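Novice: Turn this into a structure:
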Amino acid sequence: MRTVTLYFLCLSALILLLIGCGGGEGGSSASTSMTLRQVQPGDSFTFHVVDVGGVDDVWDEVWTYSYNASLGKLENSNVNWDQFMFLDYTDDTCDVYEGTTGDVSAQLFSFASTMQAGQDVDASAYYDTLILEGPFTLTVPAGVFQVYKFSNFEDGGGYSSYWISPELGMLVKYYMYDGGGTQIVTRELTAYQLTD
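Specialist: Alright, predicted model coming up:
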């Protein structure tokens with residue numbers, strides 16, 4: 001009887017610990033806010049990408065930002081992924097655009113410069129308003145970061161999740177899932193170099 005009671009006490013303590021830590025994603029506090037760093041010209045971010053969505057391909061890509069004066073935005077040198085191609089900082093927000101080199105297609109997301117759990121992420125170009133979750137402590141190959149997460153859901157049940165580090169002002173992890181819930185693309189930060 002004492003063994004069973006001890007077992008249930010240990011199990012209860014473990015469950016309470018996991019709940020207190022946010023179920024393994026590092027914990028969350030709705031009252032915590034963090035200021036989003038502005039990416040600077042010359043900042044560089046290296047990602048390891050695995051695409052198993054029918055391609056079964058693995059590669060590394062480097063995003064180096066420079067200022068495109070004709071567009072008035074920071075432009076990403078990467079040509080493999082059209083998201084996070086352009087960044088613009090106005091009115092206490094960071095606006096994220098997709099596009100190709102020298103050509104902005106559409107605004108994807110807009111974050112407030114001060115990030116907080118429960119806050120809206122404007123994604124009106126393609127999605128409904130998304131909600132920030134976090135902050136969480138997240139480990140990726142480039143290090144350990146405090147992050148905020150949001151997910152967008154597609155027709156057909158697929159969705160993508162983004163983890164943004166206010167400290168870097170950048171995405172540090174991206175997962176895409178198909179309609180059946182199978183992870184088909186991962187993108188994780190492996191290295192970075194900041195100019196400030």
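
Novice: Poorly predicted segments of this structure, please.
Specialist: 1-31, 54-56, 125-129 (pLDDT under 70).

Novice: Helix, strand or coil: sort out the residue most central in space within it for me.
Specialist: The centroid of the chain falls nearest to Trp163 when counting by C-alpha atoms, centre = their mean (2.2 Å). Here Trp163 is recorded as strand under DSSP: H, G, I helix; E, B strand; the rest coil.

Novice: is it true that it touches Lys149?
Specialist: Yes - here Trp163 reaches Lys149: they are 5.0 Å apart, a contact under C-beta atoms under 8 Å. C-beta here means a position set from N, CA and C on the backbone, and glycine is covered the same way.

Novice: overlap in contacts of those two?
Specialist: Phe136 (C-beta atoms under 8 Å, 6 or more residues apart in numbering).

Novice: any idea which element the closest residue to Thr101 other than its chain neighbours lies in?
Specialist: Ranked by C-beta to C-beta, 6 or more residues apart in numbering and with sequence neighbours excluded, the top spatial neighbour of Thr101 is Val79, at 6.4 Å. Using DSSP states H and E, Val79 maps to neither a helix nor a strand.

Novice: now Val79: how far from Phe136?
Specialist: In this view, Val79 and Phe136 are 31 Å apart by C-beta to C-beta, to the nearest Å.

Novice: Who has more neighbours out of the two?
Specialist: Set Val79 next to Phe136 and count neighbours by other C-beta atoms under 10 Å: Phe136 wins out with 20 against 10.

Novice: For that one, what is the enclosing helix or strand?
Specialist: strand 133-140.

Novice: Pull up the pairing partners for that strand, direction included.
Specialist: strand 143-153 (antiparallel) (DSSP bridges).

Novice: Need the residues that contact the partner strand.
Specialist: Residues outside strand 143-153 that contact it (C-beta under 8 Å, 6+ apart): 25, 34, 115, 117, 121, 123, 126-127, 130-138, 159-168, 172-173.
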